[in-house]
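S.K.: quick one, what's the 3D model for this:
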Amino acid sequence: MTRFIIKLFLIVGINVAIAMGILAVVDSRRSFQQWETDSILYATPRNADFDFVCLGTSHARVFSEFKGNYDFIVRELGMTFFNLAVPFGGGILPGKMFLEYFFGKGNRTKSIILFLDPFMMFCDGSNRYHRFVFYEPFRPRFLTELIQNDIPIQQIITYVRSKFGRYWFARQPLVRERDPRVVKPKDNDAELAQKRTEILYPDGLEDATFRRYCADLVEILEMAKRHGSRMIIIFPPTLLGPELGAPWVLEFLDQCKSRFTFEFYDYTSALQDLSLFADHDHLNSKGVEHFAKKYLEPILRRQHA
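M.R.: Model prediction:
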């Protein structure tokens, strides 16, 4: 029986080693820029310095999702930045994990800008059950982070198993220059605001869920302090008004001020020009340029003065 168990472990070990070797070969042939992939790990450099990094959802991801958006910020603001924002409605927990990975690779940043959508603090689907495990490459360090952050076992299995599908081996860079879409007036109405609440708050305002993700936000604030980075929190612009969970988040941020130094800016209703939005919640390329020059640059210039 003992001999059988030893052989079993040996066979499993050999197969794991072969699988890891295949993944290593595939990864070694890939090099992605921020605007070429949804993956954050693929684009994360090592031992690099940045003026600022972004955290948040797809509302912040748009700053690098399109090459033209990224080029505009680097050129017009004259600053380097790296985007850690999680697409497809990523929450505060994935953001914290990617920031940990970023610093763990020896990178440094003068500022951290968290584009905080209140729903990030109330929805398990944006956090522990988010799809980021599907499109991120296998990294032993990141696997450890998944386990340490109590990511459900089925998500961890997906993280590993998804790397052996046809999609993974056929994956190629995808470059989009600009987002020319403009939201239509008929799409901007009260019904959309209600639908947004139903989608983003499937469990409503659950105190236990909120408190769980408040702890992750605190860890982000602690990381900023530990690494000497200026911390900036922004409510991003939308055409649909304040979110259901905004008062809860604002109250918690007030509590955090006694322990941490950070700046807060509420730009929820700062932009209401339809020509700046691709849809009711996301800026198009024109909107990104306007927001970067009018709002981001003045905030960041105080750091570089």
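
S.K.: please make it C-alpha for all contacts and neighbour counts, starting now.
M.R.: Fine.

S.K.: pull the contacting residues for Arg161.
M.R.: Applying Cα atoms under 8 Å, 6 or more residues apart in numbering to Arg161 gives no contacts.

S.K.: what residues sit buried inside the strand or helix carrying it?
M.R.: Counting by DSSP states H and E, the element that carries Arg161 is helix 153-161. Using 16 or more other Cα atoms under 10 Å as the test for burial, helix 153-161 gives 155-156, 159-160.

S.K.: same check, this time on stretch 185-203
M.R.: Buried residues in stretch 185-203 (16+ other Cα under 10 Å): 188, 193, 196, 200-201.

S.K.: switch these over to CSV; also include secondary structure and distance to Arg211.
M.R.: Shown next, in CSV, are the buried residues of stretch 185-203 (DSSP: H, G, I helix; E, B strand; the rest coil; distance: Cα to Cα, whole Å):
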residue, secondary structure, distance to Arg211
Asn188, coil, 32
Ala193, helix, 25
Arg196, helix, 22
Leu200, helix, 17
Tyr201, coil, 15
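
S.K.: hmm, back to that, I'd like the next helix or strand past the helix holding Arg161.
M.R.: helix 166-170.

S.K.: chain center to that following helix: distance?
M.R.: The chain centre lies 23 Å from the centre of helix 166-170; the measure is Cα atoms, centre = their mean, to the nearest Å.

S.K.: show me what it is packed against.
M.R.: Judged by 3 or more Cα pairs under 8 Å, 6 or more residues apart in numbering; DSSP states H and E, helix 166-170 has no packing partners among the helices and strands.

S.K.: rewinding a little: name the nearest of the buried residues of stretch 185-203 relative to Asn69.
M.R.: For these, the residue nearest Asn69 by Cα to Cα is Asn188; the value is 24.1 Å.

S.K.: and Ala48, how far is that from Phe103?
M.R.: 10 Å (Cα to Cα, to the nearest Å).

S.K.: who has more neighbours, these two?
M.R.: Phe103 (17 against 14; other Cα atoms under 10 Å).

S.K.: and after the helix or strand where that one lies, which helix or strand comes next?
M.R.: Here Phe103, judged by DSSP H and E, is contained in helix 92-104. Next helix or strand after helix 92-104 toward the C-terminus (DSSP H and E): strand 108-115.

S.K.: check which helices and strands that following strand sits against.
M.R.: strand 49-55, strand 230-235.

S.K.: mean pLDDT added to the ones you listed, as a markdown table?
M.R.: Compiled in a markdown table, those are given as follows (pLDDT from 0 to 100):
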| stretch | mean pLDDT |
| --- | --- |
| strand 49-55 | 98 |
| strand 230-235 | 98 |
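
S.K.: what's the closest of those strands to Tyr213?
M.R.: strand 49-55 (14.8 Å).

S.K.: buried residues in that closest one?
M.R.: 51-55.

S.K.: so which of those is the closest to Arg131?
M.R.: Of the buried residues of strand 49-55, the one sitting nearest to Arg131 (Cα to Cα) turns out to be Leu55, at 16.7 Å.

S.K.: before we move on, the earlier item: packing partners for the helix holding Phe103?
M.R.: Using 3+ Cα pairs under 8 Å, 6+ apart: helix 92-104 touches helix 207-226.

S.K.: repeat the analysis, applying 10 Å as the threshold.
M.R.: The elements that helix 92-104 packs onto, with contact taken as 3 or more Cα pairs under 10 Å, 6 or more residues apart in numbering; DSSP states H and E, are strand 49-55, strand 108-115, helix 140-148, helix 207-226.
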